[in-house]
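# here's a sequence, model it:
(one chain, ligands or ions: 1)
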Amino acid sequence: MKALKFKTLLAATAVSTLALGLGAQAAELTIGFSQIGSESGWRAAETSVSKSEAKKRNINFKIADAQQKQENQIKAIRSFIAQGVDAIFLAPVVSTGWDSVLKEAKEAKIPVVLLDRDIDPAGKELYLTAVTSDSVHEGEVAGDWLAKTVAGKPCNVVELQGTVGASVAANRKKGFDTAIAKASNIKVVRSQTGDFTRAKGKEVMESFIKAEGGGKTICAVYAHNDDMMVGAIQAMKEAGLKPGTDVLTVSIDAVPDIFKAIAAGEANATVELTPNMAGPAFDAIIAYKANGTVPPKWIQTDSKLYTSADDPQKIYDSKKGLGY
Ligand code: AHR
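Numbers count the residues shown, from 1 in each chain. So this is what the prediction gives:
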């Protein structure tokens, strides 16, 4: 509801901006983006979509790749402050440890927008807005799908968590746990981080399979992103298991490769996370700079569930090449 109202506000702002002949202001904006790295297909798509959204709006867009390190993100933010950019976008690798650097941005009067991950709630006054999904809800959607699919049958789940300390990892765990708490037949028997990468997902899944009698006691895999699931699917196949039939899978992101796996019957479900976080963030900053429109604190993106019922091959064909 709030998001809809904000869209209306942005549309009105765009009209008044043009009417006032302020369109050129957007063209002159320079925005720095401290990106986490390239750990997943989703992340690669977010970087590429951000660039094209910047181009559409004629924004001078500078991306700093932090290679998964918070210290690199802090350095990049300081460098953006020193360059006097008009705004800073931050995809925070972890949720804590941002206070000092964000205070520096605030003192320099540079608005900060969080993209796709959140920071500790205590830091809320240090950023203008956050464009993210409801990552607790994503976990709930995954857990509800599993509960509905196993329909009361006992089900031991192994969980591949995202990066330790990342808001989305904590939230996706919380949401899933909440959903399955309503189903006493479902239990998470093993849970470990796979750091959102395909290689780590495979490695951790191999250890789960070993620890669970060759995988015979595993009913389902829940992964906090599709890349880890793609790695886990590979590990299951190598161990002679049949992911998608013997072992159910549910993960998050909706990247093309998971649709390929669903189409092949080797995966079951994914919850979509749009890679276009930057588009709404650019619009918020343009409006803010043009006439002081303060965006809502949270611009929420959708979390839609996809399964084999959704023509996965068609979705794969439409998504591949979109920066993934
Ligand atoms: O913060 C979003 C998460 O980060 C994506 O779900 C995951 O693929 C990425 O690494």
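# list the pairing partners of whatever helix or strand Ser251 lives in within its sheet, with orientation.
Assigned by DSSP states H and E, Ser251 falls within strand 248-253. Partner strands and pairing direction for strand 248-253 (DSSP bridges) are strand 220-223 (parallel), strand 269-272 (parallel).
# can you list contacts of the last one?
Strand 269-272 has contacts (C-beta atoms under 8 Å, 6 or more residues apart in numbering) with 138, 141-142, 145, 149, 226, 229, 249-255, 258-259, 262, 302-307. C-betas here are computed from N, CA, C, even on glycine.
# next up, the contacts around the residue nearest the centre of the chain.
Nearest residue to the geometric centre of the chain (C-alpha atoms, centre = their mean): Asp116, 5.0 Å. Contact analysis of Asp116 by C-beta under 8 Å, 6+ apart lists Glu46, Ala91, Val131, Thr132, Ser133, Val168, Leu273, Met277.
# also Asp317?
Applying C-beta under 8 Å, 6+ apart, no residues contact Asp317.
# from Ser191, how far off is it?
34 Å (C-beta to C-beta, to the nearest Å).
# go on, Ile180?
12 Å.
# these two: who's more crowded?
Ile180 (24 against 16; other C-beta atoms under 10 Å).
# what does this protein put close to the ligand?
With C-beta under 6 Å from any ligand atom as the criterion, the chain meets the ligand at residues 39-40, 42-43, 116-117, 168, 196, 225, 227, 252-253, 273.
# of all those residues, which two lie farthest apart?
The distance between the two most remote of the residues of the chain next to the ligand (C-beta to C-beta) is 15.9 Å, for Arg117 and Asp227.
# and the two? which has more neighbours close in?
Asp227 (30 against 24).
# the single nearest residue of the stretch 51-200 of the chain relative to the ligand and Thr301: what is the separation?
Across the stretch 51-200 of the chain, no residue is closer to the ligand than Phe196, which sits at 3.7 Å (C-beta to the nearest ligand atom). Phe196 sits 18 Å away from Thr301, going by C-beta to C-beta.
# list the contacts of the closest residue to Lys124 other than its chain neighbours.
Closest residue to Lys124 apart from its sequence neighbours, by C-beta to C-beta, 6 or more residues apart in numbering: Lys297 at 6.8 Å. For Lys297, the contact set (C-beta under 8 Å, 6+ apart) comprises Lys124, Thr129, Ala130.
# go again using 10 Å as the cut-off
Lys2, Leu114, Lys124, Glu125, Tyr127, Leu128, Thr129, Ala130 (C-beta atoms under 10 Å, 6 or more residues apart in numbering).
# how about Lys69?
Ile36, Gly37, Lys75, Val93.
# among these, which lie within strands?
Among these, no member falls in strands (criterion: DSSP state E).
# by neighbours, which of those wins?
Of the contacts of Lys69, with other C-beta under 10 Å as the count, Ile36 tops at 28 neighbours.
# quick check, pLDDT for that one.
Note for Ile36: predicted pLDDT of 98.
# low-scoring stretches of this protein, by residue?
By pLDDT under 70, the weakly predicted segments of the chain are 1-27.
# I'd say Ser50 and Phe33 touch.
Yes. With contact defined as C-beta atoms under 10 Å, Ser50 counts as touching Phe33 (6.3 Å).
# identify the contacts common to those two.
Phe61, Ile63, Phe89, Ala91, Leu115, Ala278, Ala281.
# the fourth one contacts Leu114, correct?
Right, Ala91. Yes. Counting by C-beta under 10 Å, Ala91 touches Leu114, with 7.5 Å between them.
# of these two, which one has the most company?
Leu114 (28 against 25).
# measure the closest residue to that one other than its chain neighbours to Val188 for me?
Spatial nearest neighbour of Leu114, excluding adjacent residues (C-beta to C-beta, 6+ apart): Ala130 at 3.9 Å. Here the criterion is C-beta to C-beta. By it, Ala130 lies 28 Å from Val188.
# with neighbour numbers in mind, choose between the two.
Ala130 (25 against 17).
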